[in-house]
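# sequence below, structure please.
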Amino acid sequence: MAWQSIPVARLEGVSQEQFTQQLYPQRKPLVLEGIDLGACTSKWTVDYLSQVGAKKEVKIHVAAVAQMDFISKNFVYRTLPFDKLVQRAAEEKHEEFFISEDEKYYLRSLGEDPRKVMDNFLIQVTGKKRVVLFSPRDAQYLYLSGTKSEVLNIDNPDLAKYPLFCKARRYECSLKAGDVLFIPALWFHNVISEEFGVGVNVFWKHLPSECYDKTDTYGNKDPTAASRAAQILDRALKTLSELPEEYRDFYARRMVLHIQDKAYSKNFE
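Alright, predicted model coming up:
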């Protein structure tokens, strides 16, 4: 099936003031071109990274395929010296490997959980990536398990298993060295590396600090109001379970309609 994607807008020469005042409030992905990232785009070669990273041990994900599934865990955790990791990651075929000679490696420098409620700049320092994004407005089509989609192969999904997935609008872009992708909080994104490369993520909180759990240093938790609402909903559903199935079904549907009427945004196209 040929998927129609909405190209992510690309702008060059955007000032900090223009981004902050005009573009940031739109809450849509955006590729910024021509940002001065310094010497890293040319300096961070395989040899350079191997040299400066030296023998420091790092924990990595190793998978037989490029698309790692963080629900079914189709990868294993392993440890490598940083210089060996860089050298292996740059190879198409490996003489030394854990799973297979074409295994893929992924280094997450700051832990396991993505910052799911924070804004993000994905800075492509070297290499190329293809990024597909989905709006939080289309969450009902993404077959979520927690904060992650069960649909792993987004280009050839099993529509018998995930029939609503085709309704989700896809926003797509290609990143080259020097590009910076703005990913607003709550946007789902699928990143495919097209060649060896290095990306740097910069996260910051979009909402005022009082909206977040004070113990949530990295923005991995839902805003406190959303957490409270989820707890209230769980209690409501538990109360509905006291009714016979026919009544429970009717009142649950009324609740869904009430949420759609009162909580969903009316001005979204």
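
# isn't residue 148 right next to residue 72, touching?
No - Residue 148 lies out of contact with residue 72 (Cβ atoms under 8 Å); the separation is 10.2 Å. Where you see a C-beta, it was placed from the backbone N, CA and C, and this is true even at glycine.

# which residues touch the nearest residue to residue 180 once chain neighbours are set aside?
Leaving out its chain neighbours, the residue that sits closest to residue 180 by Cβ to Cβ, 6 or more residues apart in numbering is residue 32, at 4.4 Å. Contacts here follow Cβ atoms under 8 Å, 6 or more residues apart in numbering; on that basis residue 32 touches 11, 12, 14, 19, 179, 180, 181, 182.

# make sure residue 11 is indeed in a strand.
Yes - Residue 11 forms part of a strand when assessed by DSSP: H, G, I helix; E, B strand; the rest coil.

# for residue 58, helix, strand, or coil?
strand.

# give the contact list for the closest residue in space to it that isn't next to it in sequence.
Spatial nearest neighbour of residue 58, chain neighbours left out: residue 82 (5.2 Å); criterion: Cβ to Cβ, 6+ apart. Contact partners of residue 82, counting by Cβ under 8 Å, 6+ apart, are 49, 50, 53, 54, 55, 56, 57, 58.

# try 6 Å
By Cβ atoms under 6 Å, 6 or more residues apart in numbering, residue 82 lies in contact with 53, 56, 58.

# any idea how far it is from residue 222?
34 Å (Cβ to Cβ, to the nearest Å).

# in the helix or strand encompassing residue 226, what's buried?
Secondary structure assignment for residue 226, by DSSP states H and E: helix 224-240. For helix 224-240, the neighbour count (16 or more other Cβ atoms under 10 Å) marks no residue as buried.

# tell me the helix or strand right after that helix.
That would be, after helix 224-240 and using DSSP H and E, helix 245-262.

# please name the nearest non-neighbouring residue to residue 204.
Per Cβ to Cβ, 6+ apart, closest to residue 204 is residue 119, 5.6 Å.

# strands along this structure, start to end?
In the chain, the strands defined using DSSP state E lie at 5-7, 10-12, 30-33, 57-63, 75-81, 104-106, 119-126, 129-134, 144-145, 148-149, 170-175, 180-183, 188-193, 198-204.

# tell me the centre residue of the protein?
residue 189 (3.9 Å; Cα atoms, centre = their mean).

# find the nearest non-adjacent residue to that residue, please.
Nearest one to residue 189, counting by Cβ to Cβ, 6+ apart, is residue 133 at 4.6 Å.

# run the chain-centre distance for stretch 83-96.
Remark: stretch 83-96 is offset 25 Å from the chain centroid, using Cα atoms, centre = their mean, to the nearest Å.

# quick one: end-to-end length of it, please.
14 Å (Cα to Cα, to the nearest Å).
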